[in-house]
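Engineer: Just a sequence and a predicted model for now, questions to come.
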Amino acid sequence: MKNANACLPPDSLTGAIMAMEGIRDAAVLLNGPTGCKFYHGAVVEGQLPRESSFDPLQFLEEFYFGQPRVPATYLDGDDYVFGASAKLERILPTVAAKGHALIAVVNSPGAALIGDDLNRFIQAANLDIPCVALESTGYSGTMEEGFQEAVIQTLRTLKPQPTAEKPCTVNLLGISIFQKHWEGNIAELTRLLALCGVNVGAVVCAGSSFEEIMEMGNSQCNVMVHEELGGRIAEWCESRLGLPAMRPVNGAPIGFDQTEEWVRGVCRAVGASPRPAVEAIDQARVRGVTYIQRLNSLTGLPKGATFAVRAPASIALPLTQWLHDYLGMAPAAVDLTDADSLLIPEMKEILTRANALDALGVTDFSGVDMIFADGAALAQISNPDGMMTGVEIALPTMGYIDVVHKCLLGAQGSLHLIEWIVNALRDC
Amino acid sequence: MRVAVYGKGGIGKSTLSANLAAALAQDNKRVLQIGCDPKQDSTRLLLGGPHPRPVLEYLRETRREEQQLGDILHLGWKGVHCVEAGGPEPGVGCAGRGILSAFAILENLGCAWSDYDAIIYDVLGDVVCGGFSVPLRKGYAQTVLVATSEEFMSIYAANNIIRGVCNMEQGEPRAVGLVVNRREREGDIEDVRRFAEAVGAPILAVIPRSRAFHGAESQAQTLAEACPQSPEAEIIRNLAKAVFQAEPCQPRPLEDSALEELLLGRNFKPAAFSKMDKASQNLLTPLAQASLQGRPGVSRFLSKSLLAREPLHGCAFTGAVNTLTQIRNAVTLAHGPKSCGHIAASTMLSSGMASLRSRGVRLPEQLNPVLIGTEMSDDAMIHGGMDAFRAGLDKALALQPEAIFVTTTCPAGVIGDDVDQALPVGNASKPQILRVTTDGDIEGDYLQGVINACLEGAGGLIDPSIQPDDNCVNIVAEKNIALNAESNFREMERLLSMLGLRVNCRFVRQCSVQQLRELLRAPLQLPAYLDHLGRVLQDFLTGQFGCTFTQNPFPSGFHETERWLREIADFFGRGSLADQAFDALRGEYLQAIDDLRPHLAGKRLMLVTYIHDVDWILETAFDLDMEVVKVGILNYTQDNRYRTRYKDRLTVDVGYDPQRRGEDIMELKPDLFLGNYQPSGLPETTHYDTVPLCPNTGHLGGLALAQRWRRLLNAPLQEGWRKDEARLMKGEELNWGGAS
Ligand code: SF4
């Protein structure tokens, strides 16, 4: 039998749930079967832990099924015919009693078909806290579409309004808790901006509170991190809230040069000086080069080492560019998880420069020295010679838990990359 | 005015709606008529015959950037704007979902509801489901006009509609009244009058049965156009005025019995679907009847949750996929949206990755499950997903597998895609294509999916003509997502090799299509567990194929291991090999017990667990001379039969209430409390530890735990970090050290 690449990617349902659970004090209430609940309940608690207890016997009450997150109406065959009115009436006050600042009621794929009017139940429940209804998160849309649609729908419902302008403050767009190292990335970008006197107001649907998001209109502008997760949100905010957006053209701030460019872009937008951050990036360059130089003088590496990347274009593009231009590594495979990205021409340009255009779309990573990919892709590669090294840069994760957060973005992210690379290649 | 016209199918809603629209237009009102019935004939009389292009068809066939309002909004008689929403073929898709999409596109293309004085929605039949409510959603229809005839079933439908309208009221009256569209030329309409009075709805018009309608219709015209002077046209004009000016009312539906009493004067049961029918309409019922017809023997095999009518844990789809993807050289086809495939694949993947990470065991079937999703889109939900299914099936066939398993998700089940009709007829197809009943969780929970996959999928491959061979056994009912499933299997394989036996097939884990076909090669089946799944599979294989099973499941602890090996050795007549094996195993066990006993003897043990067979823990505890002060068995979806050989040595609380844990700990003062998870918020007077949901097998299975207990009892009762845990509980700011 021929082989099948069956690693099925997350879709718009997961994107919507991650967006809403990414608001630090909000809760997703799933109008759907437990079949859709358990996975999402486990992932969100893993990515943004909120509960101090994992004892399922603490969460035995109806709707929770032993998990602290993503309570559900546990739809069954009867409910698909008759609707889930009684459960919806009961679940809303139960979830509200937990003290969340916002509840997002999300229909599962099956529930969206039976047309229970979520807004009717929300109105009837007459809760003290705001609720958002996501009646359909779409079928087989991408995770990024679901994420953005949920954020826009929420902003549309809650109508955040500017109250008092906060100078030198920006919001970060295009980050999700469904990303590897998302917290470390935010911390690093926040650190670099703070050096320049620029504050981060809201990180939209990735760790900020409901209140912070409601105040996002007070910031001076939005700043894009990953375009595929924030492009449409930026457009919406621009037209409805009058918030301009700083959108880098070559993907996320990965590698020293791209990070510097990103910081300069933000500082230009808010009228701050980028100098302190540029100095910090320069210091990181010196530290990084210390280790690259040692590796290089003994082995000639990392120049010429091959690499494979499997990631969305906003990561794959700057990463490939940096690995090739800065470290002299050779792209062997570039597998974009968003194959319709607007960044593909730029990706082709870099690969052409590296004389490796044929690497685009290659999914077989065997024989490559270093692989930057999600945990599932890394786990599927059997490594009989023990020569390959995988660096996990996206979800699903192999399960390694980072107690001290790592990052992929910014100056620290570049140093982490160098650390992974010199450790992987020094014995080659 | 935004009014939705409802009524029993065939009552004449479309004719009524079109005539109302024409009358309002004649009165210089700006009118929009929207047909919400997949029949697409609502606006025919206004447009003079031709069927306009329905919105949903347009949506499907036109690229987004090329879509224009003018393509779907048509100009009818006297400037009435006409739209047909369209919808799925009868029996597939979800019409309600379709109407939602149609309304959304009208709005996106710039159709402003506020531009009209009157909007009339002609709504699909009398279905009392979610689709019914679509036009009543905020911003669409404000009020409802109910059409009925003088016949009982029509009034019955009107009553159901009023019930639906009540659910939509949101504190505001939503009905305007009834229209009687007479079926008979003669006779009274007393029944309708009594009904109207009983529910509290005015009759706004009585429309006689008349040739005038027929005549106008045959010219594809409304009365206002064809015979404006006729008395019937006058009735419609008056009705239009009445509806336009009516104050909404709040009718209240009758109970079915009251309605029957009112109209029939007897306890009559209508043939149509009613609330009273709920039990007989229960979708779980067909599992044992209709949906499994032609699949003999399957209907008896229900999961515990279905049998007990408990809330469903997980979905049958995921359970089936997680089982079927264990079969090599086969493809599992998942008919549904990507999310379902992602959820199912992720369940496998996470246990596969945990196994690789923590035990270095690579399980290709779990790391890269061969699963093809049909990726049903929004469009498939409206028009039916059979095209997506056929495309998925072609993809599966292109992989040239030996077998294809077909599973379906909730959305595919809800819209009623009939995948069976797309499969090749007969069993001779190559590859073998086997349909596994799932429909998401409509057919049941995770465990039901596992059962159906074993019976209909793997079971469907078994070749009954295979002759047994004397050197092998099959393993049945392993748990695919248990972390220790593979290490347990290896240990059992090692013990079996001591008897000179090999494993023929694992039913169903890490096996091939060929091995399943040749399942009957092994004369003896070894159940990994005799929990609910184990018993169901035993019943199935015994009943269908006359298979022989051992009485004992995979053993844990010395006693069980000895008993298990003895039973197998007796079956194959290999007693002397068994004796040699026992000597070796006993020596190891007794030595380990002697080493541990001085440290654990006399210690008090309390156990609260989901596991229904805990003898492997109790044996260890008793052999170490520990005192077992309490065993509490929690309710568990996977098992419902507690079993023990230590009945006389302790009292067991089956169906234990977990809220009692704290109190019991204070009273019984155990040195060690064991549960399946580390509990929180319990007294700090004892050591807590976890036991796996699936025990480690083999003669040393329990002793591995006891070694840990010994270390645990030497540790401080409260570790230092627990003081910091109190800070976490208080919600102190987390410090994500390092990165910032
Ligand atoms: S929609 Fe249904 S089939 Fe799909 S994952 Fe959820 S419960 Fe399972």
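Structural biologist: Done, it's in.
Engineer: Next up, the contacts around the most centrally placed residue in chain B.
Structural biologist: Nearest to the mean C-alpha position of chain B, by Cα atoms, centre = their mean, lies B:Asp441 at 1.5 Å. Applying Cβ atoms under 8 Å, 6 or more residues apart in numbering or on different chains to B:Asp441 gives the contacts A:33-35, A:75-77, B:312, B:314-317, B:410. Just so you know, the C-beta spots here come from the backbone N, C-alpha and C atoms, and that holds for glycine as well.
Engineer: Skip the chain neighbours and tell me the closest residue to it.
Structural biologist: Spatial nearest neighbour of B:Asp441, excluding adjacent residues (Cβ to Cβ, 6 or more residues apart in numbering or on different chains): B:Cys315 at 3.7 Å.
Engineer: Quick check: residues of the stretch 501-650 of chain B near chain A?
Structural biologist: Residues of the stretch 501-650 of chain B lying close to chain A by Cβ under 8 Å from any Cβ of the partner chain are B:Leu634.
Engineer: In the stretch 501-650 of chain B, which residue sits nearest chain A?
Structural biologist: Nearest residue of the stretch 501-650 of chain B to chain A (Cβ to the nearest Cβ) works out as B:Leu634 at 7.8 Å.
Engineer: got the contact list for B:Asp27?
Structural biologist: Contacts of B:Asp27 by Cβ under 8 Å, 6+ apart are B:237, B:240-241.
Engineer: what about burial for those residues, which qualify?
Structural biologist: By neighbour count, with 16 or more other Cβ atoms under 10 Å in any protein chain shown, the contacts of B:Asp27 hold B:237, B:240 as buried.
Engineer: export the contacts of B:Asp27 to CSV and tack on secondary structure?
Structural biologist: Conversion of these to CSV gives the following (DSSP: H, G, I helix; E, B strand; the rest coil):
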residue, secondary structure
B:Arg237, helix
B:Ala240, helix
B:Lys241, helix
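Engineer: residue in chain A nearest to the ligand?
Structural biologist: At 2.6 Å from the ligand, A:Gly35 is the closest residue in chain A, using Cβ to the nearest ligand atom.
Engineer: Quick check: that residue touching B:Gly314?
Structural biologist: Yes - when contacts are counted by Cβ atoms under 8 Å, A:Gly35 is listed as touching B:Gly314 (5.1 Å).
Engineer: was I right about B:Leu668 contacting B:Leu607?
Structural biologist: No - counting by Cβ under 8 Å, B:Leu607 is not a contact partner of B:Leu668; they are 11.3 Å apart.
Engineer: Could you find the residue in the stretch 401-550 of chain B that comes nearest to chain A?
Structural biologist: Nearest to chain A, among the residues of the stretch 401-550 of chain B, is B:Cys410, at 3.2 Å (Cβ to the nearest Cβ).
Engineer: Is chain B within reach of stretch A:230-240?
Structural biologist: No - against chain B, stretch A:230-240 shows no contacts by Cβ under 8 Å from any Cβ, the least distance being 14.2 Å.
Engineer: Per the annotation, how does chain A divide into domains?
Structural biologist: Here the domain parsing of chain A from automatic domain parsing is A:7-141, A:169-277, A:285-425.
Engineer: again, but for chain B
Structural biologist: Using automatic domain parsing, chain B is parsed into the domains B:2-263, B:299-461, B:599-724.
Engineer: what's the average pLDDT for the last one?
Structural biologist: The average pLDDT for domain B:599-724 rounds to 88.
Engineer: next one: the second one
Structural biologist: With pLDDT averaged residue by residue, domain B:299-461 scores 89.
Engineer: what about it and the ligand, any contact?
Structural biologist: Yes - against the ligand, domain B:299-461 shows contacts by Cβ under 6 Å from any ligand atom at B:315, B:317-318, B:336, B:340, B:343, B:409-410, B:440-441.
Engineer: got JSON lines for the residues you listed, with secondary structure too?
Structural biologist: Formatted as JSON lines, the residues of domain B:299-461 next to the ligand follow (three-state DSSP):
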{"residue": "B:Cys315", "secondary structure": "coil"}
{"residue": "B:Phe317", "secondary structure": "helix"}
{"residue": "B:Thr318", "secondary structure": "helix"}
{"residue": "B:Gly336", "secondary structure": "coil"}
{"residue": "B:Cys340", "secondary structure": "helix"}
{"residue": "B:Ile343", "secondary structure": "helix"}
{"residue": "B:Thr409", "secondary structure": "coil"}
{"residue": "B:Cys410", "secondary structure": "helix"}
{"residue": "B:Gly440", "secondary structure": "coil"}
{"residue": "B:Asp441", "secondary structure": "coil"}
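Engineer: and among the domains of chain B, the most buried is which?
Structural biologist: Compared across those, domain B:299-461 shows the largest average neighbour count, a mean of 23 (mean count of other Cβ atoms under 10 Å in any protein chain shown).
Engineer: Tell me which stretches of the stretch 251-400 of chain B form helices.
Structural biologist: B:256-264, B:278-281, B:285-288, B:304-308, B:316-324, B:338-359, B:364-367, B:378-383, B:386-398 (DSSP state H, counting those that start in this stretch).
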